[in-house]
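**Student:** one predicted model, sequence on top.
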Amino acid sequence: MRPDFSKGLVPAVVQAEDTGKVLMVAYMDEVAWDKTRATGRAWFQSRERGLWEKGATSGNFMEVVEVRLDCDFDAVLLRVRAAGPACHTGAESCFFNEVG
């Protein structure tokens, strides 16, 4: 099973496997998907950065322990063991801005 890449990039929700906390959202193309599946680490595609591996710069790699696709095969859920914070700000999760 693979995501449907026919319309381009697909969103990838990254979730901590131990807590269920959503850590980040990024995008994948076929190359990022294949590299993630082959290496067991999270790879993404960005319009600005191109192909990138989470943690390649920071050391905060994400070991993928489970992969799920949504019902339409156009979104990915990666359940991971993170080696450090997910957010470039140093926060555990990118979702720390509470809207009141």
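**Tutor:** Sure thing, it's come through. Residues are numbered from 1 along each chain as shown.
**Student:** for the rest of this, base every contact and every neighbour count on C-alpha atoms.
**Tutor:** Will do.
**Student:** list the contacts of the residue most central in space within the chain.
**Tutor:** Here the mean C-alpha position of the chain is nearest to the C-alpha of Val14 (C-alpha atoms, centre = their mean), at a distance of 4.5 Å. With contacts defined as C-alpha atoms under 8 Å, 6 or more residues apart in numbering, Val14 is in contact with Val22, Leu23, Met24, Val25, Ala26, Leu77, Leu78, Arg79, Val80.
**Student:** give me the buried subset of those residues.
**Tutor:** Using 16 or more other C-alpha atoms under 10 Å as the burial test, the contacts of Val14 include Val22, Leu23, Met24, Val25, Leu77, Leu78, Arg79, Val80 as buried.
**Student:** looking at those residues, which is nearest Asp70?
**Tutor:** Distance to Asp70 across those (C-alpha to C-alpha) is lowest for Leu77, with 7.7 Å.
**Student:** picking up where we left off before, so which of the contacts of Val14 sit within strands?
**Tutor:** Cross-referencing these against strands under DSSP state E gives Val22, Leu23, Met24, Val25, Ala26, Leu77, Leu78, Arg79, Val80.
**Student:** from those residues, pick the one nearest Met1.
**Tutor:** Nearest to Met1, judged by C-alpha to C-alpha, of the ones in strands among the contacts of Val14 is Leu77 at 13.4 Å.
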